[in-house]
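Colleague: Just the structure for this:
(one chain, ligands or ions: 1)
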Amino acid sequence: MLRSCAARPRTLSALRAARGGAPRPARDPGPARRSFSTEKVIHKDHSLPNPSWSKDLRLLFDQFMKKCEDGSWKHLPSSECKVPQRIHSFKTYFLDSKPVKEDQLSQARPFTRSYEVGQGFEYAMFYNEDEKRTVCLFQGGPYLEGPPGFLHGGALATMIDTTLGVCTISCMGLFMTANLNINFKSPIPLCSVVVISSQLDKVEGRKVFVSCNVRSVDEKTLHSDATGLFIKLDPEKSLT
Ligand SMILES: CCCCC/C=C\C/C=C/C/C=C\C/C=C\CCCC(=O)SCCNC(=O)CCNC(=O)[C@H](O)C(C)(C)COP(=O)(O)OP(=O)(O)OC[C@H]1O[C@@H](n2cnc3c(N)ncnc32)[C@H](O)[C@@H]1OP(=O)(O)O
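Modeller: Now for the predicted structure:
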């Protein structure tokens, strides 16, 4: 994700300055944050194969890594601690409208990267800039059970939300989900692998419309299809 954030043409302060508003001083990260940001900590990339990955997930991962060789697809790294510019701007410009306790914030980590290896969300994301498409290879672990032996619908909704969110990567700015419509067509056996294929359908002002389908590895089963609306955050508007 860092790569795409680094490529972002302008920061929020540049956006704000462009509007003639005085750039808001970045919030003092506080001692804990300062020491954290000066540490040279190498964060684990959770989007790489690990022993919990099934043969299906490894095969699909290798197939998509091959697609990356000509540069058409990009593998998106995923660490639970790295604070890319986009998230940092979000915390600087949008979180102060509702003071969140510093110590709670310092414990924050992405929901999908908060389980022991293999027990929750195992996934890898690939992005195609030209086609504005994101593919997520997802294996839901045993802690994501809904109906006995099947994946919880909320766990699938989480991965759909995350995958659709990544589709906004090519748009400037920070986006939040305003609407998700999900059809659950066929239950997903727990610990099986599915492919979430998503695309950016249209942009209207601050509104980005995206959609996806969720299929089994052999593509024979359509497990789900969904649409989403993401709204670009307006730094002049408070979030709460
Ligand atoms: C933010 C950075 C950090 C998170 C990263 C998120 C995503 C992008 C990421 C990239 C990569 C990373 C991976 C993705 C990881 C996770 C993704 C998860 C994303 C989420 O999980 S995020 C949490 C859940 N999400 C919320 O917690 C939002 C709560 N919500 C609000 O904060 C406001 O609601 C907001 C800001 C959305 C809009 O507020 P606002 O004031 O800026 O805009 P406003 O209301 O004026 O609407 C403008 C135009 O959108 C139309 N519109 C609005 N809502 C609509 C709806 N529901 N249906 C149909 N149309 C709707 C209006 O009708 C108007 O349309 P028109 O202009 O035509 O009149």
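Colleague: can you pull out the strands in this structure?
Modeller: Counting by DSSP state E, one finds strands in the chain at the ranges 74-76, 121-128, 133-140, 175-184, 193-204, 207-216, 222-232.
Colleague: For burial, what's the neighbour tally of Thr162?
Modeller: Using other C-beta atoms under 10 Å, the number of residues around Thr162 comes to 22. C-beta: built from backbone N, CA, C; applies to glycine.
Colleague: check contacts around the residue nearest to it when sequence neighbours are not counted.
Modeller: Spatial nearest neighbour of Thr162, chain neighbours left out: Thr112 (5.9 Å); criterion: C-beta to C-beta, 6 or more residues apart in numbering. Thr112 is in contact with 120-121, 123, 158-159, 162, counting by C-beta atoms under 8 Å, 6 or more residues apart in numbering.
Colleague: Do you know the pLDDT at Cys5?
Modeller: We have a pLDDT of 32 for Cys5.
Colleague: What residues does this protein have near the ligand?
Modeller: Residues of the chain found near the ligand (C-beta under 6 Å from any ligand atom) are 1, 86-87, 90, 161-162, 165-166, 168-169, 174-179, 205-207, 229, 231, 233-234, 237, 239.
Colleague: so what pLDDT did the residue nearest the centre of the chain get?
Modeller: The centroid of the chain falls nearest to Thr162 when counting by C-alpha atoms, centre = their mean (4.1 Å). We note a pLDDT of 96 for Thr162 in this prediction.
Colleague: ditto for Ser238
Modeller: The model's pLDDT for Ser238 equals 70.
Colleague: What is the burial count for it?
Modeller: Neighbours around Ser238, by other C-beta under 10 Å: 10.
Colleague: that older thread, settle this for me: the residue nearest to the centre of the chain is touching Ala155, isn't it.
Modeller: No. Between Thr162 and Ala155 there is no contact under C-beta atoms under 8 Å: 11.0 Å.
Colleague: could you check the distance from the residue nearest to the centre of the chain over to Phe138?
Modeller: Thr162 sits 9 Å away from Phe138, going by C-beta to C-beta, to the nearest Å.
Colleague: follow-up on the earlier one: of the residues of the chain next to the ligand, buried ones?
Modeller: Using 16 or more other C-beta atoms under 10 Å as the burial test, the residues of the chain next to the ligand include 1, 86, 90, 161-162, 165-166, 168-169, 174-175, 177, 229, 231, 233 as buried.
Colleague: got the contact list for stretch 116-125?
Modeller: Here stretch 116-125 makes contact (C-beta under 8 Å, 6+ apart) with 47-48, 50-53, 57, 61, 64, 75-76, 78, 112-115, 134-144, 155, 158-159, 163, 166.
Colleague: For the buried ones among the residues you listed, write the corresponding ChimeraX selection.
Modeller: The buried residues among the contacts of stretch 116-125 can be selected in ChimeraX (16+ other C-beta under 10 Å) with this line:
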select :47,53,57,61,64,75,76,78,112,113,115,134,135,136,137,138,139,140,141,144,155,158,159,163,166
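Colleague: Where helices are concerned, which of the contacts of stretch 116-125 count?
Modeller: If you go by DSSP state H, the contacts of stretch 116-125 have 57, 61, 64, 155, 158-159, 163, 166 in helices.
Colleague: By proximity to the ligand, which residue of this protein wins?
Modeller: Gly165 (3.0 Å; C-beta to the nearest ligand atom).
Colleague: For that residue, give me its contacts.
Modeller: By C-beta under 8 Å, 6+ apart, the neighbours of Gly165 are 175, 177, 230.
Colleague: Neighbours of the last one, how many?
Modeller: Around Phe230 there are 25 other residues, counting by other C-beta under 10 Å.
Colleague: residues touching the nearest residue to Asp201 once chain neighbours are set aside, list them.
Modeller: The shortest distance from Asp201 to any non-neighbouring residue, by C-beta to C-beta, 6+ apart, is to Phe209 (4.6 Å). For Phe209, the contact set (C-beta under 8 Å, 6+ apart) comprises 200-203, 227-229.
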